[in-house]
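Asks: okay, sequence plus prediction incoming.
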Amino acid sequence: MNNKFQRVYVEKIDCTSCSKCASLYPEYFRLDKDGSSETHNNGENINDAIVLESDWNKIEEAMNECPGECIHWK
Ligand code: SF4
């Protein structure tokens, strides 16, 4: 089994609150009470989400779609 993973976060100050990431992959992105995106794993690891290698393409898609260019690997 391949257990490679990376952690992903949103640089909130650059987030436009467009919610595109949360619409695409709600399992990794959600909007906080102020409307900025943050990453998570089932509501935990807030803005420090773990992503297994099999889902890296999802995050990269969200990065490419993000108008704020504010989704980053740690
Ligand atoms: S796609 Fe980018 S700008 Fe839009 S809510 Fe997500 S992190 Fe923010």
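Replies: That came through, no problem.

Asks: list the buried residues for the biggest helix by length in the chain?
Replies: Ranked by number of residues, the top helix in the chain under DSSP state H is helix 56-65. Under the neighbour-count criterion of 16 or more other C-beta atoms under 10 Å, helix 56-65 has Lys58, Ile59, Ala62 buried. Yep, even glycine has a C-beta here, placed from its N, CA and C like the rest.

Asks: right, and the helix or strand after that helix?
Replies: strand 71-73 (DSSP states H and E).

Asks: is that next one positioned near the ligand?
Replies: Yes - using C-beta under 6 Å from any ligand atom, we find that strand 71-73 touches the ligand at Ile71.

Asks: show the pLDDT at Tyr9.
Replies: For Tyr9, the model assigns a pLDDT of 98.

Asks: so it, which of the three states?
Replies: Here Tyr9 is recorded as strand under DSSP: H, G, I helix; E, B strand; the rest coil.

Asks: that one bridge partners, please.
Replies: His72 (DSSP bridges).

Asks: that one: neighbour count?
Replies: When neighbours are counted by other C-beta atoms under 10 Å, Tyr9 registers 18.

Asks: same question for the one 3 residues further on.
Replies: Number of residues near Lys12 (other C-beta under 10 Å) recorded here: 16.

Asks: which non-adjacent residue is nearest it?
Replies: Distance criterion C-beta to C-beta, 6 or more residues apart in numbering; nearest residue to Lys12, sequence neighbours excluded, is Ser36 at 4.2 Å.
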